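> Quick one, structure for this:
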Amino acid sequence: MWQKLIAGACVMTGALGFGWSLCGEMNSDIRHLKQQKQILLQISGEIAYLHRPMEEIFDMMAGRAEPPYDLFLCDVARGMEERNGNSLIRIWNAAVQDRKNGADFSQTAITHLEKMGNCFEYEGGQLQVEALRLFEMELDSEIDRLTVKRNENSRLIKALSTLTGILCIILFL
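The predicted structure follows:
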């Protein structure tokens, strides 16, 4: 009898853990996009008001950013130092490609990092700042969309995972 009780507890724990994990993935996407927005705002401020070179901006941002973006920006800054005839966009895209198969970034975060890199293809600080502001509005709308989706789906996912666990206990015991 006690084996069935332990098995039932394990099934419920697994079902609830699965539901919480799905909700955690949605929260992770929102957190990544908010971090990207913060980086974006700081970069556009450095370009617009302090007129610093991009290499110096990325080096400073690597020290300010939270993981995993600190390492990403450090790689971009290092690539800017070495340069080797590569443009900023190539260096940025190479850093993004290095992160595509890693576990630190979700697919949503990678997609938006690639789009952020396209903002740097414009010549002149003012055009870059305007492109970054447009991308900021896109990030805001994506954050809002994901937040609404999370609020709608999180209760449903948690309830369904609980009910699935109960159903499995009933069927197998």
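
> For the rest of this, base every contact and every neighbour count on C-alpha atoms.
Will do.

> give me the element Arg133 is part of.
Using DSSP states H and E, Arg133 sits within helix 125-172.

> Which elements pack onto that helix?
helix 2-45, helix 107-118 (3 or more Cα pairs under 8 Å, 6 or more residues apart in numbering; DSSP states H and E).

> 6 Å - rerun?
helix 2-45 (3 or more Cα pairs under 6 Å, 6 or more residues apart in numbering; DSSP states H and E).

> Skip the chain neighbours and tell me the closest residue to the spatially most central residue of the chain.
What sits nearest the mean C-alpha location of the chain, by Cα atoms, centre = their mean, is His32, with 2.7 Å. Counting by Cα to Cα, 6 or more residues apart in numbering, His32 lies nearest to Ala109, which is 6.1 Å off, once chain neighbours are set aside.

> do you know how far the one you found is from Gln35?
Here the distance between Ala109 and Gln35 works out to 10 Å (Cα to Cα, to the nearest Å).

> Comparing these two, which shows the higher neighbour count?
More crowded of Ala109 and Gln35, by other Cα atoms under 10 Å: Ala109, with 21 against 18.

> Quick check: the gap between the residue nearest to the centre of the chain and Arg83.
28 Å.
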